[in-house]
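> predicted coordinates and the sequence they were generated for:
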Amino acid sequence: MTRDLVLHDWLVAGIALAAGGFAGLLLRALVRWLAKHALRTRWSGDDIIVDALRTLAPAAAVIAGAAVAASMLPLGPHVSAWVGNSLTVLLILVATVGAARVVAGLVRSLAQARTGVAGSATIFVNITRVLVLAMGLLIALESVGVSIAPLLTALGVGGLAVALALQDTLANLFAGVHILASKTVQPGDYIRLTSGEEGYVVDINWRNTVVRNLSNNLVIIPNGRLARTNMTNFTQPEQPLTIMVQVGVGYESDLEHVERVTMEVVDEVMAEVKGAVPEHEALVRFHTFADSRIDFTVILGVGEFSDQYRIKHEFIKRLHSRFRAEGISIPAPTRTVQLHQEAPRSARPAPASPVPHQREAPDTARAERGR
């Protein structure tokens, strides 16, 4: 049997609640102190754990205070069981949310460490977060006496129906997982599709791949289409790449002199322009006897894809200025156009007029035939 509530019960319960709240404040201050020290370490995992504890620790202290307060009150068995189950479920859900944040943060940190860029592959982050939350929800249901075996059976049958209805979505999901697992495309890579889309991969989520082109616009590409199309990855297998610049000089030029001057300009650009690769071995290769000049190719090294425009810009400017100073000509194709003027109409001979055929008079013709 339960007794009536007295002032002492309310006082003890209030003290327990206040103690739980005060402990939560102390834990929050402690977590803040730990967060400052975690920032000084090189490992990012401690920052993620401390960030999750910032919500979990105070909430757990408050729930513990509420549980102690409920145990001090003369509650009936049904009410006591309901309060205990509610607080247990609440604690499990808070712990599940904290665990989901820790796991998702660790997965994001791992993705950033593997790709070396600021973008994250949120497809793995979302999958792990959903799995942790689902496990926590099942544990919470089991703790209050709800059998999860029929629920899992129903979810299996329902999942089959949902899979049939969401074939395109699931195809994009598994295509995104395949792309990341095969390491063909990672956030931060510069890609170009055969259909013309190109840019830096910002993120690969559960349905789309987000690409930011050089004009700072976002291009959304479904994962299934990205997995099926032909694609060039300018970051794999390594980020530095080579570019080719086409140049031509006149036939009267000394090619040894042209090659020496061009290499001097290349060395200057590689050493002074941002984004160049000084240790890259630049090359000059003559290859074509064109109509009005001898064409050759200059091969330069750049740090990453977008640096090529700055390198080409500076190289063409400096090479043109140096060629002018050295007296090396860059001829343009010339064409000779001949115009034939027609004679005026007055000078043309008049065409001969045809002689009309004269018909004989009918009477004369009959007279001739009578003879």
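Thanks, I have the structure now.
> I'd like the distance from the closest residue in space to residue 189 that isn't next to it in sequence to residue 303, if you could.
Nearest residue to residue 189, sequence neighbours excluded (C-beta to C-beta, 6 or more residues apart in numbering): residue 235, at 4.0 Å. Backbone N, C-alpha and C define where each C-beta goes, glycine included. Using C-beta to C-beta, to the nearest Å, residue 235 is found at 11 Å from residue 303.
> is residue 53 in contact with residue 32, as I believe?
No - assessed by C-beta atoms under 8 Å, residue 53 is found out of contact with residue 32, at 10.3 Å.
> more neighbours: the two, which one.
residue 53 (20 against 11; other C-beta atoms under 10 Å).
> contact partners for that one?
31, 34, 98 (C-beta atoms under 8 Å, 6 or more residues apart in numbering).
> with secondary structure, distance to residue 308 and pLDDT added, can I get these in a markdown table?
What follows is those, written out as a markdown table (DSSP: H, G, I helix; E, B strand; the rest coil; distance: C-beta to C-beta, whole Å; pLDDT from 0 to 100):
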| residue | secondary structure | distance to residue 308 | pLDDT |
| --- | --- | --- | --- |
| 31 | helix | 47 | 77 |
| 34 | helix | 46 | 77 |
| 98 | helix | 46 | 81 |
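> by neighbours, which of those wins?
Top of these by neighbour count (other C-beta under 10 Å): residue 98, with 22 neighbours.
> check contacts around that one.
52-53, 55-56.
> check contacts around the nearest residue in space to residue 137 that is not next to it in sequence.
Spatial nearest neighbour of residue 137, chain neighbours left out: residue 96 (7.2 Å); criterion: C-beta to C-beta, 6+ apart. By C-beta under 8 Å, 6+ apart, residue 96 lies in contact with 132-133, 135-137, 139-140.
> among those, which ones are buried?
By neighbour count, with 16 or more other C-beta atoms under 10 Å, those hold 132-133, 136-137, 140 as buried.
> between the residues you listed, which is closest to residue 179?
residue 132 (23.4 Å; C-beta to C-beta).
> following element in sequence after the helix or strand where residue 297 lies, please.
Assessed by DSSP states H and E, residue 297 sits inside strand 294-302. Scanning forward in sequence from strand 294-302 by DSSP H and E, the next helix or strand is helix 307-326.
> other SSEs contacting that following helix?
strand 241-249, helix 255-272, strand 294-302 (3 or more C-beta pairs under 8 Å, 6 or more residues apart in numbering; DSSP states H and E).
> now it: buried residues?
Neighbour-count burial for helix 307-326 [16+ other C-beta under 10 Å]: 307-308, 311-312, 314-315, 318-319, 323.
> what is the neighbour count of residue 194?
Neighbours of residue 194 (other C-beta under 10 Å): 9.
> and the spatially closest residue to it that is not a sequence neighbour, how many neighbours does it have?
Distances taken as C-beta to C-beta, 6+ apart put residue 230 closest to residue 194, at 4.5 Å, once the chain neighbours are dropped. Residues near residue 230, counting by other C-beta under 10 Å, number 8.
> again with residue 223
26.
> does residue 247 really touch residue 294, like I thought?
No - if you go by C-beta under 8 Å, residue 247 and residue 294 don't touch, sitting 9.6 Å apart.
> one step back: can you tell me which of the helices and strands packed on helix 307-326 is packed in deepest?
Of these, the one with the most neighbours on average (mean count of other C-beta atoms under 10 Å) is strand 294-302, at a mean of 19.
> distance from the chain centre to stretch 256-275, please.
The gap between where stretch 256-275 is centred and where its chain is centred comes out at 34 Å by C-alpha atoms, centre = their mean, to the nearest Å.
> one more: stretch 207-216?
For stretch 207-216, the distance to the chain centre is 5 Å (C-alpha atoms, centre = their mean).
> re the thing from before, quick check, nearest of the contacts of residue 98 to residue 289?
residue 52 (69.7 Å).
> that closest one reaches residue 102, doesn't it?
Yes - counting by C-beta under 8 Å, residue 52 does reach residue 102; the two are 4.6 Å apart.
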